[in-house]
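K.L.:
here is a sequence together with a model predicted from it:
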2 protein chains.
Amino acid sequence: MKLSTRGKYGLYAMYYLAEHRNEGPQTLQSIASTGVPKQYLEQLLGNLRRAGLVASVRGAQGGYQIAKPPDQTTILEVIDAMEGPLALSECTTDEGSCKHACQCPVRKVWQRLTESINRELAGVTLGDMFEEIDDCEATVNE
Amino acid sequence: MKLSTRGKYGLYAMYYLAEHRNEGPQTLQSIASTGVPKQYLEQLLGNLRRAGLVASVRGAQGGYQIAKPPDQTTILEVIDAMEGPLALSECTTDEGSCKHACQCPVRKVWQRLTESINRELAGVTLGDMFEEIDDCEATVNE
DNA sequence: CGATATCCGATTAAATTTGTCGGGTATGGG
DNA sequence: CCCATACCCGACAAATTTAATCGGATATCG
């Protein structure tokens, strides 16, 4: 069970934008400086923009900016924007897809797990990521 | 973010075996009666067997049996056997893969989330699935 | 106007998942 | 002993998803 690189790239990008949120629009070029293919990242930022998580400025001197304060952007929003909503089994989202009894216990497990994982993801914000940095000169870009 | 069908098929199979745990070895044929391709399920049961979750009996009258009491088999074990351990980012498992500072905050988020999702998965057992069935004639096979 | 930089649909390449095939091996019953 | 049964297993093929690339359109600052 793995997350695709989309989620990872997306979160790195959001973190980068959160870090530079007071420095004007950041170009794709600078966001991609971590080694993410630029044109691929462009697609991903499109998803983040359509999800309302980043704002873009077109034209010269343009770029991307985080749309909300970091502590109002949850990891859940980022992951959902990048990979679509968490669906452990179609069972839980698409009624008709289940061949079994409508109330089958396997389904209940998926629902319960889906809810608690979503709760977990919703419980962490970009802002939280800045808290423990004191003891470490961590940077996302080289 | 989705789980593959492996996890789903695997959990159905485990549930089926838990249901029929006192009825001797269950053939692949009967476990697959839900519409899962038989030969594909055979592979999956191989994984479950190597993980120690089911025991098999070869030869005529053979089949598969659950290896432990249902309340001692967690969903985490099943998912891990089917899809490998949860790894949101290689960051959390493979030290060298991270180009960023060793302590980067993005990584901490992945680690924290991985731990809590695993805790969640480990908190539900096959036995738990039988508890709420009273009000519902749920069966996994048709 | 022109350099900059986002936007976007289409296409290709790579990887993973899903499913199939064919033969091997163990075992109980006649 | 034989043979039908049923698990075992590696290799392969098909389908789907993910990752990345391409080419050009559009917007905007100076």
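P.N.:
Thanks, I have it. Residues are numbered from 1 along each chain as shown, chains lettered A, B, ... in the order given.
K.L.:
flag every buried residue along stretch A:4-15.
P.N.:
Buried residues in stretch A:4-15, counted by 16 or more other Cβ atoms under 10 Å in any protein chain shown: A:R6, A:G7, A:K8, A:Y9, A:G10, A:L11, A:Y12, A:A13, A:M14, A:Y15. For glycine as for every other residue, the C-beta is placed from the backbone atoms N, C-alpha and C.
K.L.:
measure the residue nearest to A:V36 when sequence neighbours are not counted to DNA strand C for me?
P.N.:
Among residues not flanking A:V36 along the chain, A:Y9 sits closest, at 5.2 Å (Cβ to Cβ, 6 or more residues apart in numbering or on different chains). Taking Cβ to the nearest atom of the strand, to the nearest Å as the measure, A:Y9 falls 15 Å from DNA strand C.
K.L.:
check contacts around A:Y9.
P.N.:
When contacts are counted by Cβ atoms under 8 Å, 6 or more residues apart in numbering or on different chains, A:Y9 touches A:V36, A:Y40, A:L41, A:L44, A:M82.
K.L.:
and the buried ones among these, selectable in ChimeraX?
P.N.:
Remark: buried members of the contacts of A:Y9, expressed as a ChimeraX selection using 16+ other Cβ under 10 Å:
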select /A:36,41,44,82
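K.L.:
A:Y16 contacts A:I31, doesn't it?
P.N.:
Yes. Contact criterion Cβ atoms under 8 Å: A:Y16 and A:I31 qualify, at 5.4 Å.
K.L.:
the more surrounded of the two?
P.N.:
Between A:Y16 and A:I31, A:I31 has the larger neighbour count (other Cβ atoms under 10 Å in any protein chain shown), namely 26 against 22.
K.L.:
next secondary structure after the helix or strand where the more buried one lies?
P.N.:
Take DSSP states H and E as the rule and A:I31 turns out to sit in helix A:28-31. Heading C-terminal from helix A:28-31, the first helix or strand you meet, by DSSP H and E, is helix A:38-50.
K.L.:
helix, strand, or coil at the residue of chain A found nearest DNA strand D?
P.N.:
Across chain A, no residue is closer to DNA strand D than A:G59, which sits at 2.1 Å (Cβ to the nearest atom of the strand). Secondary structure state of A:G59, per DSSP: H, G, I helix; E, B strand; the rest coil, is coil.
K.L.:
from B:G10, how far off is it?
P.N.:
52 Å (Cβ to Cβ, to the nearest Å).
K.L.:
check A:V109 too.
P.N.:
As judged by Cβ to Cβ, A:V109 and B:G10 stand 12 Å apart.
K.L.:
contact residues of chain A facing DNA strand D?
P.N.:
Residues of chain A found near DNA strand D, taking Cβ under 7 Å from any atom of the strand as the criterion, are A:4-6, A:9, A:36-37, A:39-40, A:42-43, A:57-62, A:83.
K.L.:
re the thing from before, would you format the buried residues of stretch A:4-15 as CSV with secondary structure included?
P.N.:
CSV is the format used below for those (three-state DSSP):
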residue, secondary structure
A:R6, helix
A:G7, helix
A:K8, helix
A:Y9, helix
A:G10, helix
A:L11, helix
A:Y12, helix
A:A13, helix
A:M14, helix
A:Y15, helix
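K.L.:
and which of those is nearest to B:V124?
P.N.:
A:G7 (24.0 Å; Cβ to Cβ).
K.L.:
one step back: of the buried residues of stretch A:4-15, closest to A:I75?
P.N.:
Within the buried residues of stretch A:4-15, the smallest distance to A:I75 is 7.0 Å, found for A:L11 (Cβ to Cβ).
K.L.:
pretty sure the closest one contacts A:V78?
P.N.:
Yes. Between A:L11 and A:V78 there is a contact at 5.5 Å, judged by Cβ under 8 Å.
K.L.:
phi first, then psi, for the residue minimising distance to the centre of chain A.
P.N.:
Chain A has A:V78 as the residue nearest its centroid, 1.9 Å off, counting by Cα atoms, centre = their mean. Backbone torsions for A:V78, taken as degrees, to the nearest 10, come to phi -70, psi -50.
K.L.:
ok, now how distant is it from DNA strand C?
P.N.:
16 Å.
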